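Colleague: Coordinates only, no sequence provided:
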């Protein structure tokens with residue numbers, strides 16, 4: 001998803017538009033996570049960028065997406081750019097405490 005979201009829309013209140021944007025982002029993430037992974041991979045990773053414009057966009061962590069939308073609302077941006085690109089990754093399984101004790 002590479003998109004410029006408009007916050008100031010003539011027929012909606014600002015808060016309602018922010019809720020609509022957050023809902024669209026969550027739906028996109030859910031849809032991407034439900035896609036079938038290639039054989040060598042076991043998880044999805046999201047590369048994210050956020051900024052007032054495409055040129056000002058900086059990388060952010062996946063956990064900060066919704067916080068960034070709230071920041072745009074708080075700073076009274078008329079619009080903002082958000083980029084979320086999914087890619088498959090292989091994550092090593094973390095050992096639980098019980099498994100670590102058994103290995104020692």
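Modeller: Nice, I can see it. In this text the structure is predicted, and so the values were computed from the model without any measurement.

Colleague: Just give me the longest helix of this structure.
Modeller: The single longest helix within the chain, with elements called by DSSP state H, is helix 14-33.

Colleague: roughly how far is that helix from the heart of the chain?
Modeller: Put simply, helix 14-33 sits 10 Å off its chain's centre (Cα atoms, centre = their mean, to the nearest Å).

Colleague: got the contact list for residue 81?
Modeller: 2-5, 49-54, 56-57 (Cβ atoms under 8 Å, 6 or more residues apart in numbering). Every residue, glycine included, has its C-beta placed from N, CA and C.

Colleague: hmm, back to that, pull out the buried residues from the longest helix of the chain.
Modeller: Residues of helix 14-33 classed as buried: 17-18, 21-22, 25, 29 (neighbour count, 16 or more other Cβ atoms under 10 Å).

Colleague: now the strands for the protein?
Modeller: Using DSSP state E, the strands of the chain run over 2-6, 43-51, 58-60, 79-89.

Colleague: in the third one, what's buried?
Modeller: Under the neighbour-count criterion of 16+ other Cβ under 10 Å, strand 58-60 has residue 60 buried.

Colleague: now swap in stretch 36-47 and tell me
Modeller: Going by neighbour count (16+ other Cβ under 10 Å), the buried part of stretch 36-47 is 44, 46.

Colleague: Give me the distance between it and the centre of its chain.
Modeller: Using Cα atoms, centre = their mean, the offset of stretch 36-47 from its chain centre is 16 Å.

Colleague: and for that stretch, what are the contacting residues?
Modeller: With contacts defined as Cβ under 8 Å, 6+ apart, stretch 36-47 is touched by 29, 32-33, 35, 59, 62, 83-91.

Colleague: swap the cut-off to 6 Å and go again
Modeller: The contact list for stretch 36-47 (Cβ atoms under 6 Å, 6 or more residues apart in numbering) reads 33, 62, 84-91.

Colleague: Flag the shaky bits of the protein, pLDDT-wise.
Modeller: 96-104 (pLDDT under 70).

Colleague: Look up how far residue 4 lies from residue 90.
Modeller: In this view, residue 90 and residue 4 are 33 Å apart by Cβ to Cβ, to the nearest Å.
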